[in-house]
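# prediction below, plus the sequence it came from.
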Amino acid sequence: MPHAEHTDKKYEEELKKLREDILYMGGLVEDQIQKAVKSLVDRDSPLAETIIQRDQEVNRLDIEIDDLCIRLLALHQPAGKDLRFITTALKITTDLERIGDMAVNICERALELNLEPQLKPYIDIPRMAQIAQWMIRESLDAFVRKDTDLALKVCKDDRQVDDLNSQVFRETISFMIEDPHTINRAMKITFVSKYLERIADHATNIAEMVIFMVKGKSIRHLKELPQSV
């Protein structure tokens, strides 16, 4: 009996570590986004280089969390809510790792744009980044708290990022039409906007997985989001 209790305690500790590691990884990629956009807005190329290098930490966490999930599945053969929690965690780390990659892409465009005169003040892009950061934070809060209402809110917030992305696209197209010399810079700004839109999509993926984990209901690919789940 003591051995069983010891095993159960170790299992609960590992589940707790899994939650903490995912939240830490989420906080790290959220910070990566904030600093990547700051490197663009402030024309801070050394900061961009630092964020690119720090992506190794995101990749390390991705591998470590995957290993922990596989170990939990193999050694404890969880069922029910624990099984859904662990398999959802496996998928979440994939989205978080890709968000980290998008932050690197933003930094790479920032390094290029910082070498040229600024095309326009950055207004919508920082706003997109802020919303995307909220979406990541709230999707992970929803995961830990099993809060489907918060997860659904994240899915709905994605529309704001899509609208801002369309606005940036229209603005950059106008620059390119008026002056062909701006095409190179305008295209890179469009890329940054698209990276942020994809970050929001990854946060939405996490929120959708939370809803499936808690309710067993998939809302992916629905044309209209439900009022509640």
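Sure, I can see it. Please read these numbers as outputs of a predicted model, since none were measured by experiment.
# for the chain, which segments count as helices?
2-41, 45-76, 80-113, 124-145, 148-178, 183-215 (DSSP state H).
# for the longest one, name the packing helices and strands.
Counting contacts by 3 or more C-beta pairs under 8 Å, 6 or more residues apart in numbering; DSSP states H and E, helix 2-41 packs against helix 45-76, helix 80-113, helix 124-145, helix 183-215. Every C-beta, even on glycine, is put in place using the N, C-alpha and C of the backbone.
# sketch out the low-pLDDT regions of this structure for me.
1-7, 218-224, 226-229 (pLDDT under 70).
# swap in 80 and give it another go.
1-7, 216-229 (pLDDT under 80).
# ok, which of the helices of the chain comes nearest Leu225?
Distance to Leu225, taken as C-beta to C-beta, is lowest for helix 148-178 among the helices of the chain, at 5.7 Å.
# any chance of the helices of the chain in JSON lines, with mean neighbour count too?
Output for the helices of the chain, formatted as JSON lines (neighbours: other C-beta atoms under 10 Å):
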{"stretch": "helix 2-41", "mean neighbour count": "17"}
{"stretch": "helix 45-76", "mean neighbour count": "16"}
{"stretch": "helix 80-113", "mean neighbour count": "20"}
{"stretch": "helix 124-145", "mean neighbour count": "21"}
{"stretch": "helix 148-178", "mean neighbour count": "17"}
{"stretch": "helix 183-215", "mean neighbour count": "22"}
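# would you turn those helices into CSV with distance to Leu225?
Shown next, in CSV, are the helices of the chain (distance: least, C-beta to C-beta, whole Å):
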stretch, distance to Leu225
helix 2-41, 23
helix 45-76, 29
helix 80-113, 19
helix 124-145, 14
helix 148-178, 6
helix 183-215, 10
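# re the thing from before, Glu13: which of the helices and strands packed on helix 2-41 is closest?
helix 45-76 (11.0 Å).
# which other helices and strands contact the closest one?
Helices and strands touching helix 45-76, as assessed by 3+ C-beta pairs under 8 Å, 6+ apart, comprise helix 2-41, helix 80-113.
# let me have the helices and strands packed on helix 2-41 in CSV, extended by distance to Glu12.
Output for these, formatted as CSV (distance: least, C-beta to C-beta, whole Å):
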stretch, distance to Glu12
helix 45-76, 10
helix 80-113, 10
helix 124-145, 15
helix 183-215, 18
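# of these, which approaches Asp158 most closely?
helix 183-215 (4.7 Å).
# how near is the residue lying closest to Phe169 once chain neighbours are set aside to His202?
Of all residues not flanking Phe169 in the chain, Thr190 sits nearest, at 6.0 Å (C-beta to C-beta, 6 or more residues apart in numbering). Using C-beta to C-beta, to the nearest Å, Thr190 is found at 19 Å from His202.
# what's the answer for Leu225, then?
Leu225 is 17 Å from His202, by C-beta to C-beta.
# now do Ala186
25 Å.
# Asp62 is in contact with Ile22, isn't it?
No - counting by C-beta atoms under 8 Å, Ile22 is not a contact partner of Asp62; they are 10.5 Å apart.
# quickly list what's touching both of these two.
93, 96 (C-beta atoms under 8 Å, 6 or more residues apart in numbering).
# could you list every residue that touches the residue nearest to Met25 when sequence neighbours are not counted?
Using C-beta to C-beta, 6+ apart and skipping residues adjacent in sequence, the residue nearest Met25 is Leu61, 4.4 Å away. Counting by C-beta under 8 Å, 6+ apart, Leu61 makes contact with 21, 24-25, 28, 93.
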